[in-house]
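K.L.:
predicted model and sequence follow; I will ask about them next.
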Amino acid sequence: MWKYVARRALASIPVLLLASVLIFLLVREFGADPARQRCQASRDPQCLTRVRAELGLDRSLPVQYLDEMKNFVTGQWGESQRSDRDVSELIGDAMRETVPLAFWAVVVSLGAAVLVGVTSARHPGSVRDHTFTVLAFAGIAMPTFWLGLLVIQLFTYELQQLLGLSQPIFYSIPNPIGSGWVDSARELALPVFVLSVQLIAGWSRYQRAALSDELHGDHIRTARAKGLSERRVVWKHGMRSSSTSLVTVVAIDAGALIGGVVVTERVFSRPGMGTLLLAALRDGDTNVLIPWMLIAGIGVILANLAADVAYAALDPRVRLTSGNPT
Amino acid sequence: MTAPALPDEPTAAGPAAPVLALDGLSVVLAARGREATILDGVSLALTPGETVALVGESGAGKTVLALAVMGLLPDGMRVTGGRIVLGGTDLLGASASALRGARGGAMAMIFQDPQSSLHPAFRVGAQVAEAIRTHQAGVSKADASAQAVELLRRVGIPQADARARDYPHQMSGGMRQRVMIAMAIANRPRLLIADEATTALDVTVQAQVLEVLKTAQQETGAAMLVVTHDLGVVASVADRVVVMYAGRIAESGPVDTVLTEPAHPYTRGLLAAVPRLDEAAPVQAIPGQPPSPFARPSGCAFRTRCPLADERCEAEDPVLVAFGADAGHAVACHHAGGPA
C-alpha cells in the first residue's frame, strides 16, 4: 500500500516540473512584459534595457526559469507589481477566502451527491429518481452567476421584506455565544450553496451510474444470496466497489476549486483566489501570476494524488505490489 | 438477524418429507410490453441428502428456477403461479425478512462464475465470516473469522489461515469456487443450489470442486440441486435427473434410468450430443434452436426439432406422466419410449 502511494507521489514530480515549465513560458512569452509596463510613462530611451537588466529579464530563459523556481521554493515570491504588497501575503489572504469555501462546498456536495445518487440507483425509474434527474439537469444547466444573484436577492432582500426583519435573514439568527463559527457560516452559506448545486448535480449522476451498474453485478447477487439486509448490500458491498468513479470526478473538481471559483467569488464579492487571478491577469502582474498558477497546479496534483490513495484504499487490485496473482 | 422460523425437522410423517417442494411454479418475463413464460408449471421435490440435477440447453429455465427458489429473480421476471416450500415454509408468501433469513441460512447458492461472484474488495475470510455473522446471532467477529478459516480448510484450501486474508483476485478459479462453497455451507443449509458451479473452471479443477461439493453436502446432510448442462457432472453427482426444455420438465427420473434408457426424444438428443471416447459414432447435434419464450410453438415445444413429431404433437400439449418400470421415471411426450 505505502509503496504504491510513494510510487504515485514520485510519478507526480515530473508532472509538476512540466507544469512549472509551461506556466513559466506561458506567462513570460505571452503575458504582459513588466519592463514595458514600467517604462510606459518614461521618456528615457534606455529605460527598457535598464529595467530589463534590473529585473533580470535580459538573461536566458532557462536561467530565468531556474531563478523563478528557486525563489518559489524558498518562499521569496517578491512583490506585486501593482500594489507593492508581498505576493505571498496576497496569495495567503486569497487562500484564506477560497479554501473554506472550496472545502465546505466539497463536503456538502459529496454528502448530498452520495445520498441522491444512491437513492436514484436503488429505485431506478421511480418518481424520486426522475425528480432527481430533472433537478440534476437543471442544476448543471443553471448558470452560476444567475443562481448566485437570485439567492442573494432572495436571502438579503425578499425574505427580509417578507418576514419584516430589520436585517438580512442570516444576521437575524441570534449568535448569543458570539462564536466565530456562526459568523463564518453566515458568510459561507450562500456561496457554498451556489457552488454545491452544480457539484451535486454532476456528482450525483456519477454516483447513480456507478452504483446502478454495480447493483446488477454478480457479487451483489452473492451478497443478497447470503441473506444480507438491503441496506448492507447497498452501503457496504455496492458502495465499496462503485465509489472509485465518484472519487475520480470529485478529485478533478476539487483540484480545480483550489484555483478559486471565479464566478462565485465575483458574485459574492469574496477576495479569493479567483478574484486575485482576474486582477493579476488584468494588471499583467506576472509576479502574482507565476506563484498563483504553481499553487493551483500543486493543488490539482495533490487532489489527484489523494484520489490515487483512495483508489488503493478502496480496491485491493490497485495495490499491485504484493500478493500472488494467478 | 434472527434465524428464520423454519422447523428443524419436517413435521409431516414419513422419512422422506421434502426439503424443497416446487408445486406448479410459473415465472414470467415482462419485456417491452410483451410477456413470455420462462417457467411453466414446474413441480419438483428434493428429499434430505438427495442430489437432483437439472439439465437442459441454455434458456431452458434451469437458472431461473434456481433464482426463483432463492427469491433472487432478475428485474422483469416474477413468479405468477405455484408454490415454493422450503422445509414447510412457503417462501412466496414469506415476509422479506423471513426470506432474507432463509437465504444463506436454510438455503444457499453457489454461482457459475467465482471470478465475479465474490466481492473484489473484501478479503475472502471476511466474506465467509460475514455469512456466519449474518445468520448466527451473538457470534463475535473473532469467532466468525476462526470459523471462516475452519470452513476454508474444510473445502480444501491449503494454509487456510493465511489464504483467508487473500483477496479474490489473488486466488485461482478453483480456489475461489471453494470459497463460494465455504460461504454457502457456513450456516449448514438444508438446501444447497449449485448453478453451473464448475462450468467456468478448468476440466481438472472441475472434478476437484465437484468432490468438494459432494463432501460438503454429505457433511451437512443437505439436499442439493445441481444446475448443469454437463451430463458428465450429472452422472458423477446426481441421484435423480430433471431434464428441462423451454420452461417445462421433459423427463425426470433416477439418474441411471434416464441416462441409459432415455424415453424423451430430447433427452436422447442431449445424450447423443455428448462426445464419447468408447464409441466410434460421431457426435450428433440436435438440429435447430430452442424456441424463443416469446414465440412458443403450439402443442409440444420440442416438436419443431423432434424426429418423431406428428399432428398430435402440434395439437396437444404432452403432460408429464409416469413411464416404464422404474419408480420415479416420468416423461412428457406423446411418443415416449418410441423408436430412437
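P.N.:
Received it, and whenever you're ready, just let me know what you need. Numbers count the residues shown, from 1 in each chain, chains lettered A, B, ... in the order given.

K.L.:
helices and strands around the host helix or strand of residue A:183, which ones?
P.N.:
Secondary structure from DSSP states H and E places residue A:183 in helix A:180-215. Packing partners of helix A:180-215 (3 or more CB pairs under 8 Å, 6 or more residues apart in numbering or on different chains; DSSP states H and E): helix A:87-122, helix A:127-141, helix A:144-153, helix A:169-172, helix A:239-258, helix A:262-267. Every C-beta, even on glycine, is put in place using the N, C-alpha and C of the backbone.

K.L.:
just the mean pLDDT for the last one, thanks.
P.N.:
Right, the one you point to is helix A:262-267. Mean pLDDT, helix A:262-267: 89.

K.L.:
what parts of the stretch 101-250 of chain B come near chain A?
P.N.:
Residues of the stretch 101-250 of chain B found near chain A (CB under 8 Å from any CB of the partner chain) are B:101-105, B:108-109, B:111, B:113, B:116-122, B:130-131, B:134-135, B:166-167, B:169-173, B:180, B:183.

K.L.:
just these: which are in strands?
P.N.:
Taking DSSP state E as the definition of strands, these contribute B:108-109.

K.L.:
buried ones among the residues of the stretch 101-250 of chain B next to chain A?
P.N.:
With neighbours counted using 16 or more other CB atoms under 10 Å in any protein chain shown, those contain these buried positions: B:101-105, B:108-109, B:111, B:113, B:116-122, B:130-131, B:134-135, B:166-167, B:169-171, B:173, B:180, B:183.

K.L.:
which of the residues you listed fall within helices?
P.N.:
Within these, residues falling in helices by DSSP state H are B:101-102, B:116-117, B:130-131, B:134-135, B:173, B:180, B:183.

K.L.:
need those in JSON lines with pLDDT, can you?
P.N.:
Compiled in JSON lines, those are given as follows (pLDDT from 0 to 100):
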{"residue": "B:101", "pLDDT": "93"}
{"residue": "B:102", "pLDDT": "95"}
{"residue": "B:116", "pLDDT": "92"}
{"residue": "B:117", "pLDDT": "95"}
{"residue": "B:130", "pLDDT": "96"}
{"residue": "B:131", "pLDDT": "96"}
{"residue": "B:134", "pLDDT": "95"}
{"residue": "B:135", "pLDDT": "95"}
{"residue": "B:173", "pLDDT": "91"}
{"residue": "B:180", "pLDDT": "96"}
{"residue": "B:183", "pLDDT": "96"}
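
K.L.:
is it possible to get JSON lines of those that adds distance to residue A:67?
P.N.:
Output for these, formatted as JSON lines (distance: CB to CB, whole Å):
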{"residue": "B:101", "distance to residue A:67": "72"}
{"residue": "B:102", "distance to residue A:67": "74"}
{"residue": "B:116", "distance to residue A:67": "56"}
{"residue": "B:117", "distance to residue A:67": "60"}
{"residue": "B:130", "distance to residue A:67": "60"}
{"residue": "B:131", "distance to residue A:67": "64"}
{"residue": "B:134", "distance to residue A:67": "65"}
{"residue": "B:135", "distance to residue A:67": "69"}
{"residue": "B:173", "distance to residue A:67": "60"}
{"residue": "B:180", "distance to residue A:67": "63"}
{"residue": "B:183", "distance to residue A:67": "64"}
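
K.L.:
any idea which of those residues is closest to residue A:277?
P.N.:
residue B:116 (47.5 Å; CB to CB).

K.L.:
tell me the spacing between that closest one and residue A:108.
P.N.:
With distances taken as CB to CB, to the nearest Å, residue B:116 is found 35 Å from residue A:108.

K.L.:
returning to that earlier point: pLDDT on the helix holding residue A:183, on average?
P.N.:
90.

K.L.:
which SSE is immediately downstream of it?
P.N.:
Toward the C-terminus from helix A:180-215 - assigned by DSSP H and E - lies helix A:218-225.

K.L.:
packing partners of that next one?
P.N.:
Using 3+ CB pairs under 8 Å, 6+ apart: helix A:218-225 touches helix B:114-117.

K.L.:
list the contacts of the helix it packs on.
P.N.:
The contact list for helix B:114-117, computed with CB atoms under 8 Å, 6 or more residues apart in numbering or on different chains, reads A:217-219, A:221-222, B:111, B:168, B:173, B:176-177, B:179-180, B:200-201.

K.L.:
the same query, at a cut-off of 10 Å, please.
P.N.:
The contact list for helix B:114-117 (CB atoms under 10 Å, 6 or more residues apart in numbering or on different chains) reads A:217-223, A:225, B:109-111, B:168-169, B:171-181, B:183, B:195, B:197, B:200-201, B:209.

K.L.:
now do stretch A:70-85
P.N.:
A:20, A:24, A:32, A:34, A:37-38, A:55, A:68, A:86-91, A:93, A:276, A:279-280, A:282-288, A:290-292, A:294-295.

K.L.:
narrow those residues to those that are buried.
P.N.:
Buried subset of the contacts of stretch A:70-85 (neighbour count, 16+ other CB under 10 Å): A:20, A:24, A:32, A:34, A:37-38, A:55, A:68, A:87, A:90-91, A:276, A:279-280, A:283-288, A:290-292, A:294-295.

K.L.:
flag every residue of the stretch 1-150 of chain A that's near chain B.
P.N.:
A:124-125 (CB under 10 Å from any CB of the partner chain).

K.L.:
nearest to chain B: which residue in the stretch 1-150 of chain A?
P.N.:
Per CB to the nearest CB, residue A:124 is where the stretch 1-150 of chain A lies closest to chain B, at 8.8 Å.

K.L.:
and that residue, how many residues sit next to it?
P.N.:
The tally of other residues near residue A:124 (other CB atoms under 10 Å in any protein chain shown) stands at 12.

K.L.:
what bits of the chain have low per-residue confidence?
P.N.:
Here I'm looking at chain A. Where chain A drops to pLDDT under 70, the residues are A:175-176, A:178, A:260, A:320-326.

K.L.:
could you do chain B instead?
P.N.:
In chain B, residues with pLDDT under 70: B:1-16, B:340.

K.L.:
ramachandran coordinates for the closest residue in space to residue B:173 that isn't next to it in sequence?
P.N.:
Spatial nearest neighbour of residue B:173, excluding adjacent residues (CB to CB, 6 or more residues apart in numbering or on different chains): residue B:201 at 5.2 Å. Phi and psi for residue B:201, reported as degrees, to the nearest 10, are phi -100, psi 160.

K.L.:
residue B:201 is in contact with residue B:209, isn't it?
P.N.:
Yes. Between residue B:201 and residue B:209 there is a contact under CB atoms under 10 Å: 6.1 Å.

K.L.:
name the residues contacting each of these two.
P.N.:
B:114, B:173-174, B:176-177.

K.L.:
compare those residues and tell me which is most surrounded.
P.N.:
Per-residue neighbour counts (other CB under 10 Å) across those peak at residue B:177, which has 31 neighbours.

K.L.:
host element of it?
P.N.:
Per DSSP H and E: residue B:177 is located in helix B:173-185.

K.L.:
then residue A:24?
P.N.:
Under the criterion of DSSP H and E, residue A:24 resides in helix A:2-25.

K.L.:
C-alpha coordinates for that helix, PDB please?
P.N.:
In PDB, the C-alpha atoms belonging to helix A:2-25 read as follows (Å, rounded to 0.1, in the frame of the first residue of the first chain):
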ATOM      1  CA  TRP A   2       2.600   2.600   1.100                       C
ATOM      2  CA  LYS A   3       4.900   1.500  -1.700                       C
ATOM      3  CA  TYR A   4       2.100   2.200  -4.100                       C
ATOM      4  CA  VAL A   5       1.400   5.700  -2.600                       C
ATOM      5  CA  ALA A   6       5.100   6.500  -2.700                       C
ATOM      6  CA  ARG A   7       5.300   5.500  -6.400                       C
ATOM      7  CA  ARG A   8       2.300   7.600  -7.300                       C
ATOM      8  CA  ALA A   9       3.800  10.600  -5.400                       C
ATOM      9  CA  LEU A  10       7.100  10.200  -7.300                       C
ATOM     10  CA  ALA A  11       5.300   9.900 -10.600                       C
ATOM     11  CA  SER A  12       3.600  13.300  -9.900                       C
ATOM     12  CA  ILE A  13       7.000  15.100  -9.700                       C
ATOM     13  CA  PRO A  14       7.700  15.100 -13.500                       C
ATOM     14  CA  VAL A  15       4.100  16.300 -14.000                       C
ATOM     15  CA  LEU A  16       4.700  19.200 -11.600                       C
ATOM     16  CA  LEU A  17       8.000  20.100 -13.300                       C
ATOM     17  CA  LEU A  18       6.400  20.000 -16.800                       C
ATOM     18  CA  ALA A  19       3.600  22.200 -15.500                       C
ATOM     19  CA  SER A  20       6.000  24.700 -14.000                       C
ATOM     20  CA  VAL A  21       7.900  25.000 -17.300                       C
ATOM     21  CA  LEU A  22       4.700  25.500 -19.200                       C
ATOM     22  CA  ILE A  23       3.400  28.100 -16.700                       C
ATOM     23  CA  PHE A  24       6.700  29.900 -16.800                       C
ATOM     24  CA  LEU A  25       6.800  30.000 -20.600                       C
END
